[in-house]
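Engineer: A structural model of the following input is requested.
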Amino acid sequence: GGKYGTALQAACCHKKNLDISKILIQHGANIHIKGGKYGSALAAAAYTGREDIMEILFENGADVNIQGNYYGTALQAACREGRQAIVEMLFEKGADVNSQGGFYCTALQAACAQGQQAIVDVLLEEGADVNIQGGYYGTALQAACSARDQDTVEVLLEKGADVNIQGGVYGTALQAACAQGQQAIVDVLLEEGADANIQGGYYGTALQAACIKRRQAIVKTLLKQGVDPNIQGAVALSPLQTTVYQQWSQVAVIKQLTGQHITMVVSVSCKCSRNMEQKQT
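Structural biologist: Modelled structure (predicted):
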C-alpha cells in the first residue's frame with residue numbers, strides 16, 4: 001500500500017536505487033503487482049526515466065503492457081514526462097500504442113496534453129489512432145487544444161483527427177481552444193469544419209466558454225461564423241446571460257450578442273443572475 005504500492009516501485013522511482021531494485025527482485029519481489037501512484041514497477045521506472053531499472057525488469061519478465069492506476073501503462077507515463085528514449089525502448093519491447101486506460105486513456109493523449117510534439121510524432125509513426133475516445137480530455141485533439149499546441153493540432157488534423165468528436169472535460173476541441181483563448185487554433189478548427197453549436201462539456205458550448213473566459217476576439221469570431229447566440233450552456237444560461245452574470249464589462253460583445261434587443265435581454269439576464277445568487281446562499 002501507500003504512495004508507491006510496493007518497495008520495488010519505491011526503488012524504481014529514485015536515483016541510486018539500482019542495486020536495491022536488483023536485491024528486491026533477487027529476493028522474490030513480484031514485479032507484476034499493481035498499485036500505488038504509478039500502477040506498476042515498470043510504469044514507475046518509465047515515469048522517472050530509469051532505463052537501467054527497466055532493463056532489469058524486462059530481464060525478469062516484466063509485461064510491457066501491464067495496466068494500472070493513474071498513468072494506465074508505462075508508455076503513457078513515459079509520454080507524459082517526455083521521455084522519448086524510453087518510449088522507443090518500450091516499442092522495441094512490444095508496447096501497444098493504442099492501449100487504453102488511466103487518466104489520459106492513451107499514450108497519444110498523454111503526449112498531446114503535455115505538448116510533447118516529438119513523442120507525438122513517434123506515436124503516430126507507430127500507428128496511434130488519433131480518434132480514440134476516453135480519458136480526461138476525451139481525445140488527443142482536445143488535449144492538444146487544451147495544451148495550446150497549434151503545431152500538434154495541425155499534425156493531428158492532417159492524420160485524420162475528427163474535429164467534432166464529443167467527450168471529455170471540454171466536450172469538443174473547439175470548446176477547449178475557446179476556453180484557453182487560442183484564437184489561432186480556433187481559426188484552424190473552424191476551417192476544418194468545427195461545429196460551433198455542439199453542446200456538451202464543462203461550459204456547454206464553445207461560445208459559452210469564450211464568454212465565461214472573457215475571450216472577446218473569439219466571441220466575435222464565433223458570431224461571424226453564425227453560431228447560435230441563444231443556445232443555453234451547462235448552467236442553463238445563454239451566452240448573453242453568462243456575460244452579464246460574470247459582470248463582464250465588454251459592451252461591444254453584449255451588443256453583438258443582442259443586436260437590437262439589448263435592454264430586454266439584459267433585464268432577463270440580470271433577473272436570472274439574481275435568482276442564481278439566491279439559490280447559492
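Engineer: the nearest residue to residue 4 once chain neighbours are set aside and residue 212: what is the separation?
Structural biologist: Leaving aside its chain neighbours, residue 4 sits nearest to residue 10 (3.9 Å; criterion: C-beta to C-beta, 6 or more residues apart in numbering). In short, each C-beta sits where N, CA and C put it, glycine included. Residue 10 is 42 Å from residue 212, where distance means C-beta to C-beta, to the nearest Å.
Engineer: which of the two has more neighbours?
Structural biologist: Higher neighbour count among residue 10 and residue 212: residue 212, with 23 against 20, using other C-beta atoms under 10 Å.
Engineer: surely the more buried one is in contact with residue 203?
Structural biologist: Yes: the pair residue 212 / residue 203 is scored as a contact, 5.8 Å apart, by C-beta atoms under 8 Å.
Engineer: just name the shakiest helix or strand of the protein by mean pLDDT.
Structural biologist: Every helix and strand of the chain was ranked by mean pLDDT, DSSP states H and E. The lowest is helix 262-280, at a mean of 39.
Engineer: ok, back up a step: can you list residues touching both of residue 212 and residue 203?
Structural biologist: The contact sets of residue 212 and residue 203 overlap at residue 179 (C-beta atoms under 8 Å, 6 or more residues apart in numbering).
Engineer: point out where the stretch 1-150 of the chain drops to low pLDDT.
Structural biologist: Applying pLDDT under 70 to the stretch 1-150 of the chain flags residues 1-2, 15-16.
Engineer: now the helices for it?
Structural biologist: Secondary structure of the stretch 1-150 of the chain (DSSP state H, counting those that start in this stretch): helices located at 7-13, 18-26, 41-48, 51-59, 74-80, 84-92, 107-113, 117-125, 140-146, 150-158.
Engineer: out of the ones you listed, flag the one nearest residue 101.
Structural biologist: In terms of C-beta to C-beta, the element of these nearest to residue 101 is helix 74-80, at 7.9 Å.
Engineer: tell me how far residue 6 lies from residue 30.
Structural biologist: Residue 6 is 8 Å from residue 30, by C-beta to C-beta.
Engineer: who has more neighbours, those two?
Structural biologist: residue 6 (21 against 11).
Engineer: OK, contacts around the closest residue to that one other than its chain neighbours?
Structural biologist: Closest residue to residue 6 apart from its sequence neighbours, by C-beta to C-beta, 6+ apart: residue 33 at 5.3 Å. Contacts for residue 33 (C-beta under 8 Å, 6+ apart) come out as 5, 6, 8, 40, 41.
Engineer: can you redo these as TSV with distance to residue 83?
Structural biologist: Shown next, in TSV, are the contacts of residue 33 (distance: C-beta to C-beta, whole Å):
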residue	distance to residue 83
5	21
6	22
8	20
40	16
41	16
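Engineer: just the closest of those to residue 134, please.
Structural biologist: Set against residue 134, the nearest of the contacts of residue 33 by C-beta to C-beta is residue 40 (19.8 Å).
Engineer: still on that earlier bit, residue 186: which of the helices of the stretch 1-150 of the chain is closest?
Structural biologist: Between the helices of the stretch 1-150 of the chain, helix 140-146 lies closest to residue 186; by C-beta to C-beta that is 8.9 Å.
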